[in-house]
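In: Could you look at this predicted model? Sequence included:
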Amino acid sequence: MKKIATILGARPQFIKAGTVSRAISENSRFQEEIIHTGQHFDANMSDIFFVEMDIPRPHRHLGINGSSHGKMTGEMISSIESVLMESKPDCVLLYGDTNSTLAGAIAASKMHIPIAHVEAGLRSFNMSMPEEINRIITDRVSELLFCPTETAVTNLKNEGILNSCGVLENVGDVMFDGALYYREKATAPVGLDNVSDFVLATIHRAENTDSPELLEQIVSQLNELSEQVEIILPLHPRTKSKLESYNFPLSERIKVIAPVGYLNMVWLIDNCKLVVTDSGGLQKEAYFFKKPCITMRPETEWVELVECGANKLFNPLVDNLNATYHQMLKFDDFSHLFYGNGDAAQRIVSKLEAFLNK
């Protein structure tokens, strides 16, 4: 039996990993140990979270959080190394681009343990983003690169990684697997059961919230748009704090709600008419549920969505949200299967089995 050590640190990673973990559990040739670094302490990740999401609970909790990027990553590397020395896995499985991903990659590579990276090859080409650094380093030391799109495969080939890895393949996106799985489990946030015909908005990235000029324009344009259509805004704590400190009031016509869990968010995406966001994952999830998206960022990892017209990059200092909203409502071609057929997890497990049994 082959042992896989899965290293996770943030709630979105658990959701991604849950899809693959369910597929691993169906294969008697694998044993999986889930290691939670504790990077994002989340009070919502109680026992009920794992039951509702049908996600395996972590086997080990490292409890590392609340410090700078460097200190936190260094502590994670040391703790992960100790766990791997004791556990002796045949492979380390990593997801995405968090500090936990980077720490797992460094620890495993120093111990010459094969690394499999899910969501390999994503690039924003913005080196000021910590996530971009984490992605590039993790891809460089991984032997199995599981890409979510053909664009990601092309990025890695352009970087010359093809000659240094064991597996480089577009397996599809595990988040698409998850969206299909959780759609039937999704529920409306409290008090929103009867809402319809609304825009879902989320703003949380530091690039937007830490700039008074950008945030003021975002708020002003959302307020103006709310005169035409209902907007539901799950308000991130960072954004809430910045709005209060800058004294930028949101219109009373915007329905502000507390941050929601994944099942509530799936319901909001599935039932909205359009998404306005600066989130990376939400751009893609909008496409899963056939909703046009306006992204308040200068670049995106999901370039195929911009190229096909499903996603529009938006500069609040230059562009007009009302005009862009009406333009994007006309988009209705969601026929491209950019993210696979919903079988990414099974394909990953098959590739892992073939690699580890060579």
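Out: Nice, thanks for sending it over.

In: Figure out how far stretch 257-266 is from the centre of its chain.
Out: Centre-to-centre, stretch 257-266 and its host chain are 14 Å apart (CA atoms, centre = their mean, to the nearest Å).

In: And it, what's buried?
Out: 260, 261, 262, 263, 264, 265, 266 (16 or more other CB atoms under 10 Å). All C-beta spots, glycine's among them, are computed from the backbone N, C-alpha and C.

In: how far does that stretch stretch from start to finish?
Out: End-to-end span of stretch 257-266 (CA to CA, to the nearest Å): 15 Å.

In: same question, stretch 89-104
Out: Per CA to CA, the first residue of stretch 89-104 is 13 Å away from its last.

In: Now do that stretch, average pLDDT.
Out: Mean pLDDT, computed over stretch 89-104, is 97.

In: what does stretch 306-314 give?
Out: 98.

In: what about dumping the CA coordinates of it to PDB?
Out: The C-alpha trace of stretch 306-314 is given here as PDB (Å, rounded to 0.1, in the frame of the first residue of the first chain):
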ATOM      1  CA  VAL A 306     -11.100  36.700 -20.500                       C
ATOM      2  CA  GLU A 307     -10.300  35.500 -24.000                       C
ATOM      3  CA  CYS A 308     -13.700  33.900 -24.500                       C
ATOM      4  CA  GLY A 309     -15.500  36.900 -23.100                       C
ATOM      5  CA  ALA A 310     -17.000  35.300 -20.000                       C
ATOM      6  CA  ASN A 311     -14.800  37.500 -17.700                       C
ATOM      7  CA  LYS A 312     -13.900  41.200 -18.000                       C
ATOM      8  CA  LEU A 313     -10.900  42.700 -16.200                       C
ATOM      9  CA  PHE A 314     -12.000  46.000 -14.700                       C
END
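
In: i'd like the first residue to be 42 from this point on
Out: From this message on, residue numbering opens at 42, which makes the last subject stretch 347-355.

In: Okay, buried residues for whichever strand or helix holds residue 74 please.
Out: Taking DSSP states H and E as the definition, residue 74 sits inside strand 71-77. Neighbour counts over strand 71-77 (16+ other CB under 10 Å) mark 71, 73, 74, 75, 76, 77 as buried.

In: check contacts around the fourth one.
Out: Spelled out, that is residue 75. By CB atoms under 8 Å, 6 or more residues apart in numbering, residue 75 lies in contact with 47, 49, 58, 62, 97, 98, 99, 100, 101.

In: follow-up on the earlier one: would you turn the buried residues of strand 71-77 into TSV with pLDDT and distance to residue 151?
Out: TSV is the format used below for the buried residues of strand 71-77 (pLDDT from 0 to 100; distance: CB to CB, whole Å):
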residue	pLDDT	distance to residue 151
71	97	24
73	98	22
74	98	19
75	97	21
76	97	16
77	95	21
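
In: Could you dump those residues into CSV and include distance to residue 288?
Out: What follows is those, written out as CSV (distance: CB to CB, whole Å):
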residue, distance to residue 288
71, 54
73, 49
74, 49
75, 44
76, 43
77, 39
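
In: and which of those is nearest residue 142?
Out: Nearest to residue 142 out of the buried residues of strand 71-77 is residue 76 (CB to CB; 12.0 Å).

In: pretty sure the closest one is touching residue 45, no?
Out: No. With contacts counted by CB atoms under 8 Å, residue 76 stays clear of residue 45, the gap being 10.8 Å.

In: Could I get the full set of helices for the stretch 142-291 of the chain?
Out: With helices called from DSSP state H, counting those that start in this stretch, the stretch 142-291 of the chain shows them at 171-182, 191-199, 215-223, 247-250, 253-266, 278-287.

In: Looking at the ones you listed, which is nearest to residue 365?
Out: Nearest of the helices of the stretch 142-291 of the chain to residue 365, taken as CB to CB: helix 253-266 at 9.2 Å.
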